[in-house]
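Q: Next input, structure requested:
(one chain, ligands or ions: 1)
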Amino acid sequence: MPDSYIQKLFAERIGGNQYGKTQAIYKFEKIKRAKRAAMALHPAGEIIDLGVGEPDEMAFPEVVAKLSEEAKKPENRGYADNGDVILKQAAARYLDRVCGVKGINPETEVLHSIGSKAALSILPAALINPGDYVLMTTPGYPVFGTHAKYYGGQVHNLPLLEERQFLPDLKSVPAQVLEKAKVLVLNYPNNPTGASATPQFFADVVEFAKKRNLVVIHDAAYAALVFEGKPLSFLATPGAKDVGLELHSASKSFNMTGWRCGFVAGNELLVKAYGDVKDNTDSGQFLAVQHATAYALDHPEITQNIATKYSGRMNTLVAILNKAGFKAKKPKGSFFLYVQAPRAAVTRGGQRLEFKNAEEVSQWLITEQLISTVPWDDAGHYLRFSVTFVARNLSDESRILAEIEQRLGEVKFEF
Ligand SMILES: Cc1ncc(COP(=O)(O)O)c(C=O)c1O
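A: Residues are numbered from 1 along each chain as shown. Alright, predicted model coming up:
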């Protein structure tokens, strides 16, 4: 069939007239296909999905009840635009109470987002001119960089390496990149490495940003999911408000991924610019969702509850992986366990397979052991195991963990 004229109209940023014609299959599609193939081969088998990047449970009943109550109020029905004060005030209280960030002005230094992803896609419009550089960590969540490139910006990747506790080496940025760099995007606790930042690292970031006139965007999507101590906010760093913003989200902290609500907080001028672009992008999240999110923010024990569950699962998974030969170390937060991928595996039947990268390991684990993980080959070769697998109850959770142990125990991994 000849191409329709529409094929010729696509913008270069999504592939121009070649849009949709590439044969390349992306990582997550490969995982989906491998799962489908494994199920076709073993119709009675159970795939254990440790690749999921979102909570396995619903929002807490009291938050759902609040949504229901707020959804019935006629005054909440219309366009929310940049929101009312309820979420802003709850966000300022939350930052103070949960993260120890004092003095955030809810009127001028906070604005809601339709999730962090939406904020990350809006902010480049406020900051990026053609030729500007963004410093991004890799592996990582690419949304800010993707949109920066849409605006003609360029991305300089900072590898996250185990020997540096998965913190980027700020000194490694070449001078010619620094000259054109405008934004540094960070994310801690980090997806996919599970690593946490330190107060010293954040202090270094503030110093670096001031010296190099950079804006810092800290994506704190997993901030409150910590297994020990208090969540570490970038905004708790002296001077942070002079250089940047922090993005919080109800998605992971309150099991509210589908609800699409979070907030942006920090530098007043940046918040204002975010709001101006946002006003031209969306019409705000439903006020009932915002108010239910505000309720959740006032109940941080919900997040502690969720984190306790992940922490317990994490303890067992770390032990299982170490028994199978991996070098797993429990992260301080998030729900991700990031471990070096094996170079080879010897099956119980004595067959030895060598893997070129983590992607091959992940594909093999799905097909042969019915265990799904996410491979990362961006800086070394790693597998990401997520403890958000679905279990019907505690005994089902134990059964699944025992099943993982048994399946991995059938293999001898070489590293
Ligand atoms: C690092 C990171 N940032 C942002 C998001 C998106 O979060 P939200 O649901 O708030 O848009 C995700 C989701 O997976 C993430 O991993």
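Q: And the ligand, is stretch 338-357 touching that?
A: No - looking at stretch 338-357 against the ligand by Cβ under 6 Å from any ligand atom, there are no contacts, and the closest approach is 12.8 Å. C-beta coordinates here come from the backbone N, C-alpha and C atoms, glycine included.
Q: Now do the buried residues in that stretch.
A: If you call a residue buried by 16 or more other Cβ atoms under 10 Å, then stretch 338-357 has these buried ones: Tyr338, Val339, Ala341, Pro342, Ala345, Leu353, Phe355.
Q: now swap in stretch 105-115 and tell me
A: Pro106, Glu109, Val110, Leu111, His112, Ser113, Ile114, Gly115.
Q: so Glu268 touches Asn105, yeah?
A: Yes - applying Cβ atoms under 8 Å as the test, Glu268 and Asn105 come out as touching, 7.4 Å apart.
Q: Quick check: phi and psi on Tyr310?
A: phi -60, psi -40 (degrees, to the nearest 10).
Q: picking that back up, filter the buried residues of stretch 105-115 to keep only those in contact with the ligand.
A: With Cβ under 6 Å from any ligand atom as the criterion, the subset of these in contact with the ligand comprises Gly115.
Q: Specify which member of the buried residues of stretch 105-115 is nearest to Glu62.
A: Glu62 lies nearest to His112 out of those, by Cβ to Cβ, at 20.3 Å.
Q: Okay, now the sheet partners of the helix or strand hosting that closest one, with direction.
A: With secondary structure defined by DSSP states H and E, His112 is part of strand 110-113. Strands adjacent to strand 110-113 in the sheet, as given by DSSP bridges, are strand 262-266 (antiparallel).
Q: contacts for the strand it pairs with?
A: Under the criterion Cβ atoms under 8 Å, 6 or more residues apart in numbering, residues 87-88, 91-92, 95, 104, 109-116, 119, 221, 235, 240-241, 244-251, 271, 274, 293 lie in contact with strand 262-266.
Q: so of the residues you listed, which ones are in helices?
A: Members of the contacts of strand 262-266 lying in helices (criterion: DSSP state H): 87-88, 91-92, 95, 116, 119, 240-241, 250-251, 271, 274, 293.
Q: would you list the residues you listed in CSV and tack on neighbour count?
A: As requested, those are arranged in CSV below (neighbours: other Cβ atoms under 10 Å):
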residue, neighbour count
Leu87, 30
Lys88, 24
Ala91, 24
Ala92, 23
Leu95, 28
Ser116, 27
Ala119, 25
Ala240, 23
Lys241, 23
Ala250, 30
Ser251, 22
Val271, 20
Tyr274, 26
Thr293, 31
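Q: that older thread, what does the strand holding His112 rub up against?
A: Here strand 110-113 has contacts from 80, 82-83, 87-88, 91-92, 104, 119, 122, 247, 249, 261-265, 271, 274-275, 278, 284-285, 290, 293, using Cβ under 8 Å, 6+ apart.
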